[in-house]
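Asker: This is the structure alone, sequence omitted:
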């Protein structure tokens with residue numbers, strides 16, 4: 001977690017600026033009577049950010065240990081390979097959740113409070129955003145897989161990213177939230 005806190009801080013700033021831009025666009029339009037959480041702009045910007053940040057975080061988390069001597073040092077510690085992997089995944093997904101979740105939670109609280117938005121708020125409006133955030137975790141694992149795999153970059157190393165892109169397209173096309181969850185789990 002300590003190794004990737006700089007990347008997380010940069011991602012937090014970028015995501016906060018993206019949501020502030022959405023906020024500014026909403027406030028600048030006096031005739032806008034729609035809910036900003038249902039706006040396609042915030043959905044697409046959240047989907048793009050989650051995918052890119054997840055892939056970069058997963059790739060960087062593993063890339064620092066590609067040196068053969070460091071890898072041998074890590075493997076010969078009194079912990080199993082599964083323990084090392086689970087520790088990395090816990091730290092990586094924790095950083096991902098903080099970076100994606102904190103600014104988004106602030107935006108949701110702003111949209112939820114009465115007097116800020118001239119449209120009703122329902123929890124069902126959060127389902128598409130939640131699906132894109134969960135699909136971003138697939139990009140995290142795709143980034144890890146792409147760097148761990150010792151093969152040509154254009155062959156099986158990008159397979160994980162390809163699967164994540166296909167899953168994202170299927171999630172955006174699925175009409176129900178439960179279908180999106182099943183697609184994400186299968187991916």
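Answerer: It's in. Owing to the predicted nature of the structure, the values given are computational and were not obtained by experimental measurement.
Asker: can you pull the pLDDT of residue 142?
Answerer: With respect to pLDDT, residue 142 scores 89.
Asker: let me redo that: residue 137
Answerer: 91.
Asker: ok, and the helix or strand in this structure with the lowest average confidence?
Answerer: Least confident helix or strand of the chain, by mean pLDDT, DSSP states H and E, is helix 68-75 with a mean of 70.
Asker: biggest helix in the chain by residues?
Answerer: Criterion DSSP state H: the longest helix present in the chain is helix 81-112.
Asker: chain center to that helix: distance?
Answerer: Here the centre of helix 81-112 is set off from its chain's centre by 8 Å, with C-alpha atoms, centre = their mean, to the nearest Å.
Asker: which stretches of the chain have low pLDDT?
Answerer: Scanning the chain for pLDDT under 70 picks out the ranges 30-33, 67-68, 70-71, 151-155.
Asker: And the helices in it?
Answerer: In the chain, the helices defined using DSSP H lie at 5-28, 40-63, 68-75, 81-112, 127-148, 159-173, 177-186.
Asker: now, of the ones you listed, which is deepest in the fold?
Answerer: helix 127-148 (a mean of 22; mean count of other C-beta atoms under 10 Å). Just so you know, the C-beta spots here come from the backbone N, C-alpha and C atoms, and that holds for glycine as well.
Asker: The longest helix of the chain - contacts with which helices or strands?
Answerer: helix 5-28, helix 40-63, helix 68-75, helix 127-148 (3 or more C-beta pairs under 8 Å, 6 or more residues apart in numbering; DSSP states H and E).
Asker: again, 6 Å this time
Answerer: Helix 81-112 sits against helix 5-28, helix 40-63, helix 127-148, with contacts defined as 3 or more C-beta pairs under 6 Å, 6 or more residues apart in numbering; DSSP states H and E.
Asker: and residue 173, which of those helices is closest to it?
Answerer: Residue 173 lies closest to helix 127-148 among the helices and strands packed on helix 81-112, at 11.1 Å (C-beta to C-beta).
Asker: Could you list the residues in contact with that closest one?
Answerer: Here helix 127-148 makes contact (C-beta atoms under 6 Å, 6 or more residues apart in numbering) with 43, 46-47, 50-51, 54-55, 57-59, 62-63, 92, 96, 100, 157, 160-161, 164, 167-168, 171, 177, 180, 184, 187.
Asker: for stretch 42-51, same thing?
Answerer: For stretch 42-51, using C-beta under 6 Å, 6+ apart, the contacting residues are 15, 18, 22, 100, 128, 129, 132, 133, 136, 139.
Asker: And for residue 167, nearest residue in space, chain neighbours not counted?
Answerer: Spatially, and ignoring its direct neighbours in sequence, residue 167 is nearest to residue 187 (3.5 Å; C-beta to C-beta, 6 or more residues apart in numbering).
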